[in-house]
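# Mind looking at a prediction? Sequence and model below.
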Amino acid sequence: MADYACIVQAGQISDATRAELVLGLERIAAEMLDAPSSSIGWVFIARGFGFSAGEPSTTSLVVRSVPIGFPDDRRQRLLTRISDFWQQATGCTANEVVVTALDGPLPI
């Protein structure tokens, strides 16, 4: 099972950016969740299948599993760090990334 699920539009990020994202997401989890390593599942939405306001979508969704009962203050810091890092690595805006934390294992 994946610890992260990253859902992006096909062709939106390069292989080099994807490698940077993997390293950064693993680092954030190690620092904030004491997770020695993280598995990351990638889902690529085919061109022509993701739209926002009638235009091709540029939005990414990042989901992270956290321990059940993970404190809200730590959750907020985790989500902010992931969002800020994703924006820095990809060049997207805050309106182009949705980050969420799901208690327990991800269903993928």
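Looks like it arrived, so ask away. Keep in mind the model is a prediction, meaning the values are calculated, not measured. Numbers count the residues shown, from 1 in each chain.
# For this structure, give me the ranges with low pLDDT.
1 (pLDDT under 70).
# Next one: the most centrally placed residue in the chain from residue 103, what distance?
Centroid-nearest residue in the chain: residue 62, 2.4 Å away (criterion: Cα atoms, centre = their mean). Distance check for residue 62 against residue 103: by Cβ to Cβ, to the nearest Å, it reads 16 Å. Any C-beta I mention is one placed from the backbone N, CA and C, and that applies to glycine too.
# where does residue 37 land in three-state SS?
coil (DSSP: H, G, I helix; E, B strand; the rest coil).
# How about the contacts made by it?
26, 30 (Cβ atoms under 8 Å, 6 or more residues apart in numbering).
# gap between it and residue 102?
On the measure of Cβ to Cβ, residue 37 and residue 102 end up 19 Å apart.
# next one: residue 43
Noted for residue 43: a distance of 15 Å to residue 102, by Cβ to Cβ.
# show me where this protein has strands.
4-9, 40-45, 51-52, 55-56, 60-66, 97-103 (DSSP state E).
# would you turn these into TSV with distance to residue 83?
Compiled in TSV, those are given as follows (distance: least, Cβ to Cβ, whole Å):
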stretch	distance to residue 83
strand 4-9	13
strand 40-45	16
strand 51-52	17
strand 55-56	22
strand 60-66	8
strand 97-103	5
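# between these, which gets nearest to residue 88?
strand 97-103 (10.8 Å; Cβ to Cβ).
# quick one: the closest one to chain centroid distance?
7 Å (Cα atoms, centre = their mean, to the nearest Å).
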